[in-house]
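Undergrad: Attaching a predicted model along with its sequence, questions to come.
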Amino acid sequence: MSEEALTSQAEKKTFEDIIIAIWYDIDVGDSAHVQYFYTEDAVLSFGGREVIGRPAIHAGYLERGSGDRLSRHIVSNVHVVRQDENSADVINTLRLYAGNGEPVLPVEGPLSVSDCFDHFVREADGQWRIQRRLLQNLFVKPGATFTEPKSK
């Protein structure tokens, strides 16, 4: 492993904490804080469909959170692919369990397994935020329905 790769992995926990905090707010919270992990001009892409800008991301997740959707986003295999002083590319694997209704819901494996590609930038306040996120499904349960933020 190169010295650059080792340096990138040193900040891996910071990126991993941000990724997990986003999904925690969506799964357990009310999605109100998701917006603060993205830049003002962020692009959130779901396989070709894009939500552009922090306000649209915020509105989309608030709308999603207002229903009876129960979800758990499970993150693993977080890896810093590239990093410099003010930007980083991070990939992780996302398993989604979701359904509508109150617990306990039946389950037969995850709804989907996806690669999540995040491009982080360090902003003027020193905080790392996601400028671009691409969710690319690898496996999808037949008949799966998703409640993603709508394109704006």
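TA: Sure thing, it's come through.
Undergrad: which secondary element of this structure has the worst mean pLDDT?
TA: Every helix and strand of the chain was ranked by mean pLDDT, DSSP states H and E. The lowest is helix 3-10, at a mean of 59.
Undergrad: Just checking, which helix or strand succeeds that helix along the chain?
TA: Next along the chain after helix 3-10, taking DSSP states H and E as the criterion, comes helix 12-27.
Undergrad: Just want the angle from the helix or strand hosting Pro55 to helix 12-27.
TA: Per DSSP H and E, Pro55 falls inside helix 54-65. Angle between the axes of helix 54-65 and helix 12-27 is 50 degrees (criterion: axes from the mean of the first three to the mean of the last three C-alpha atoms, to 10 degrees).
Undergrad: average pLDDT across helix 54-65?
TA: Mean per-residue pLDDT for helix 54-65: 89.
Undergrad: before we move on, what about stretch 124-139?
TA: The model assigns stretch 124-139 a mean pLDDT of 97.
Undergrad: ok, and for it, which residues are buried?
TA: 128-135, 137 (16 or more other C-beta atoms under 10 Å). Placement of C-beta: from N, CA and C, glycine included.
Undergrad: cool, and stretch 114-121?
TA: 114, 116-121.
Undergrad: Could you say which helix or strand holds the closest residue to Ala88 other than its chain neighbours?
TA: Among residues not flanking Ala88 along the chain, Phe120 sits closest, at 4.5 Å (C-beta to C-beta, 6 or more residues apart in numbering). In the assignment (DSSP H and E), Phe120 maps to strand 112-122.
Undergrad: same for that strand, what does it pack against?
TA: Packing contacts for strand 112-122, counted by 3 or more C-beta pairs under 8 Å, 6 or more residues apart in numbering; DSSP states H and E, involve helix 12-27, strand 87-100, strand 128-140.
Undergrad: so can I have CSV of those showing distance to Pro55?
TA: Shown next, in CSV, are those (distance: least, C-beta to C-beta, whole Å):
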stretch, distance to Pro55
helix 12-27, 16
strand 87-100, 23
strand 128-140, 15
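Undergrad: Of all these, which one is nearest Gly47?
TA: strand 128-140 (6.2 Å; C-beta to C-beta).
Undergrad: Tell me what angle that closest one forms with strand 112-122.
TA: Put simply, strand 128-140 runs at 170 degrees to strand 112-122, going by the same axes, to 10 degrees.
Undergrad: got a list of what the residue nearest to Ile74 when sequence neighbours are not counted touches?
TA: Computed as C-beta to C-beta, 6+ apart, the closest residue to Ile74 that is not its neighbour in sequence is Arg95, at 4.3 Å. For Arg95, the contacting residues are 73-74, 76, 110, 112-113, by C-beta atoms under 8 Å, 6 or more residues apart in numbering.
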